[in-house]
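S.K.: Take this sequence and fold it.
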Amino acid sequence: MTKIIGRNDLCSCKSGKKYKKCCMNKKDNSCVYVGQEYAEDFDKIDVVIKFSIRTPVEFNNFEIDLHGGIHVRQSRCEICISLDKTISKKLFDHISLLSQKDVKSLSNEELQKYAHATPFVIGYIRKVLPLINKEIIKRKYQEGLILARTASITDVSDIFILDITKPINDGVFVIWPNPLPGFPSSVEISSYADAIYIRDLIESMTAFFDFNFDDCIRKVITSLENCLLIYYKLSCKTKKHFFKNCFKREKLIKVVNEYIVEKNYINKGYNEKNLKIIRQNIKYIYHIRNQIVHNQLRANLELYSIYKKAIGTLLYVYQGDFIDKNEQAYVFSFYLQFLAIDDGGYSGLPIINFKDDVVEDKKIIKNDKDLNERMFKNLEITKNEVREFELKSKVKLKAERKPIPDEILRNLGEPMSLVPTIRKK
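M.R.: Take a look at the predicted model:
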């Protein structure tokens, strides 16, 4: 199976060095990185990035100001957000190209500049979505709103960038969202390899992009259980205590330990060191899932690297020799989709000046073994990530509750009307 390299892995120069690290070398002017022209643009301007998110519910007084210059207001079916930022003037100029004249009169070079700039504007917005979604989730349960849901980057619309440095404020619209084209490989393979555990995998990816990370983790483990225990009915060769094997958790972890081993991944070139990372990831993901399902854990929406690694872990598990070849190909097609959406720029790109970073790892990738080492190192859920997750993801504690007042209980049976009403402001 072809190995996929994300945009954070390799530099675009010929050195073969790691993407972030190679470009630190100020003596090597041949190295370039994504967003370099905006990161190294010394001409900055102050702007306000405005956008909106549609919602089917009306929250109670959704007017908040968050750190980082984020201002949120609700107007009927829209949550309106404004973001105070200092950005590259070159980025603003490239985005402005579409508003300066008719699209048909733009040259191919101008259209390419606009298309190149758009993901970086989306990158600013994606960074604040976890904070907005955190507020939506809190209100969903505090106010008991069934239809309230988290927002993905595709729910964002009406993006407008206002240049506040000019005497007469100048602004430009950004065309978004752009519908994603179909993925021919998935369409062509689907009739040959549809399986319930692959559907669960797809649902986990959807939940990831919707910032519904609790459900993402649940679906990851459901997919794994349906694949190993239900669909393929993998059994353990060595038996332990009868009652211990009765528990689904013990059986799943035991199957993982017996089947995620080197002999089942010889064709992929993965060694024991690589596969140990997969097994350790699964055990921790299962731990998180149990905390979510049984102990009221609510994941922190800003720590999405663990959830991305959870999905990546499944994609590697499903390359094993115990998986049908057709299904391997179908899963791989979704691997391509996932990377195209997340790493390919559709979900936004951050502007980071890599020259300000510290150079630590200068190892050059020379062969498949080196590539595997790098990829599995990036996939590993590290101790620092575990520590941060445990610190920031809280378990909701049970609080003492007062009895509901009789007046509220008497009104509970009153008829409820959901007919929209018109109110004057």
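S.K.: average model confidence for the longest helix seen in the chain?
M.R.: Secondary structure of the chain per DSSP state H: the longest helix is helix 108-142. Across helix 108-142, the average pLDDT comes to 93.
S.K.: Can you point out the buried residues in stretch 303-314?
M.R.: Under the neighbour-count criterion of 16 or more other Cβ atoms under 10 Å, stretch 303-314 has Leu303, Tyr304, Ile306, Tyr307, Lys308, Lys309, Ala310, Ile311, Gly312, Thr313, Leu314 buried. Where C-beta positions appear, they are placed from N, C-alpha and C, glycine not excepted.
S.K.: which residues sit against the one helix or strand the third one maps to?
M.R.: When elements are defined using DSSP states H and E, Ile306 is found to belong to helix 304-317. Identification of contacts with helix 304-317 by Cβ atoms under 8 Å, 6 or more residues apart in numbering yields 130, 201, 204-205, 208, 211, 213, 216-217, 220, 223-224, 227, 260, 270, 278, 281-282, 285, 288, 299, 331-332, 334-335, 338, 342, 379-381, 385, 389.
S.K.: Which of those fall within helices?
M.R.: Applying DSSP H to the contacts of helix 304-317, the entries found in helices are 130, 201, 204-205, 208, 213, 216-217, 220, 223-224, 278, 281-282, 285, 288, 331-332, 334-335, 338, 342, 379, 385, 389.
S.K.: quick one, domains of this structure?
M.R.: 31-174, 184-395 (automatic domain parsing).
S.K.: which of the ones you listed has the lowest average pLDDT?
M.R.: Out of those, domain 184-395 stands lowest, with a mean of 88 (criterion: mean pLDDT).
S.K.: contact partners of stretch 98-108?
M.R.: So stretch 98-108 is in contact with Leu97, Leu111, Tyr114, Val172, Phe173, Ile175, going by Cβ under 8 Å, 6+ apart.
S.K.: quick one: the third one and Asn178, what's the gap?
M.R.: In other words, Tyr114. Per Cβ to Cβ, to the nearest Å, Tyr114 is found 12 Å from Asn178.
S.K.: higher neighbour count, the two?
M.R.: Tyr114 (18 against 11; other Cβ atoms under 10 Å).
S.K.: My read is that the more buried one contacts Ile95, right?
M.R.: Yes. The pair Tyr114 / Ile95 is scored as a contact, 6.6 Å apart, by Cβ atoms under 8 Å.
S.K.: what does stretch 231-238 contact?
M.R.: Identification of contacts with stretch 231-238 by Cβ under 8 Å, 6+ apart yields Ala195, Ile196, Tyr197, Leu228, Asn245, Lys251, Lys254, Val255, Glu258, Tyr259, Phe322, Ile323.
S.K.: Can you report how many residues neighbour the second one?
M.R.: The reference is to Ile196. The burial count for Ile196: 13, using other Cβ under 10 Å.
S.K.: how about the nearest residue to it, chain neighbours excluded?
M.R.: Taking Cβ to Cβ, 6 or more residues apart in numbering, and ignoring the residues beside it in sequence, Ile196 has Asn226 as its nearest neighbour in space, at 5.3 Å.
S.K.: show me what contacts the one you found?
M.R.: Contacts were defined as Cβ under 8 Å, 6+ apart; by that measure Asn226 touches Ile196, Tyr197, Asp200.
S.K.: Tabulate those (TSV), appending distance to Tyr318.
M.R.: Formatted as TSV, the contacts of Asn226 follow (distance: Cβ to Cβ, whole Å):
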residue	distance to Tyr318
Ile196	13
Tyr197	8
Asp200	11
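S.K.: Check these against Leu162 and report the nearest one.
M.R.: For the contacts of Asn226, the closest approach to Leu162 (Cβ to Cβ) belongs to Asp200, at 43.1 Å.
S.K.: Make sure that closest one is actually in contact with Ile221.
M.R.: No. Applying Cβ under 8 Å, one finds Asp200 not in contact with Ile221, separated by 9.0 Å.
S.K.: Show the buried residues in the ones in helices among the contacts of helix 304-317.
M.R.: By 16+ other Cβ under 10 Å, the ones in helices among the contacts of helix 304-317 give 130, 201, 204-205, 208, 213, 216-217, 220, 223-224, 278, 281-282, 285, 288, 331-332, 334-335, 338, 342, 379, 389 as buried.
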